[in-house]
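Student: fold the following.
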Amino acid sequence: QVQLVESGGGLVQAGGSLRLSCKASTRTFSWFTMGWFRQGPGKEREFVARADRSGGTTYYADSVKGRFTISRDNAKNTVSLQMNSLKPEDTAVYSCAAGPGIATDKAHDYDYWGQGTQVTVSS
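Tutor: Predicted coordinates for the structure are as follows:
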């Protein structure tokens, strides 16, 4: 069983930055692909970014490419999401997820989920 706890959400003005962190309680953190997903008000959950086991390969949704950066520290069992140039449409609950090495940008690929952290971007 893997427990994931996110932190770092909050309220920020458009154009601002936030850094989200996700701490995993497992000795096998480096076995997992780690992803970030978000669900905005009245919207379906969508993929944001993912990092492979080493963090050397990353993928992003087109909507955040160039603005968000995912990174992981396997020694600290953490994955982070640096969010810059935030827009009101980035407002959502952001959740981290852990999946097997073959996990893609599909939510059903991931086995473990955090509770989520709210990010609100004001215009």
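Student: which residue is the nearest non-sequential neighbour of Gly40?
Tutor: Among residues not flanking Gly40 along the chain, Ala92 sits closest, at 4.0 Å (C-beta to C-beta, 6 or more residues apart in numbering). Quick note: C-beta positions are derived from backbone N, CA and C, even for glycine.
Student: so for stretch 13-22, what's the average pLDDT?
Tutor: What stretch 13-22 shows for mean pLDDT is 98.
Student: before we move on, what about stretch 65-73?
Tutor: In this model, stretch 65-73 carries a mean pLDDT of 98.
Student: tell me the secondary structure at the residue nearest the centre of the chain.
Tutor: Nearest to the geometric centre of the chain sits Trp36, at 2.4 Å (C-alpha atoms, centre = their mean). With DSSP: H, G, I helix; E, B strand; the rest coil as the basis, Trp36 sits in strand.
Student: bridged to it, which residues?
Tutor: Per DSSP bridges, the residues bridged to Trp36 are Ala49, Cys96.
Student: what sits against it?
Tutor: Residues in contact with Trp36 (C-beta atoms under 8 Å, 6 or more residues apart in numbering) are 20, 22, 48-50, 70, 79, 81, 94-97.
Student: now Gly15
Tutor: With C-beta under 8 Å, 6+ apart, Gly15 has these contacts: 85-86.
Student: give me the three-state assignment for it.
Tutor: Quick answer, by three-state DSSP: Gly15 is coil.
Student: Lys65: how many residues sit nearby?
Tutor: For Lys65, the tally of surrounding residues (other C-beta atoms under 10 Å) stands at 10.
Student: now it, what's its secondary structure?
Tutor: What three-state DSSP gives for Lys65 is coil.
Student: great, nothing more from me.
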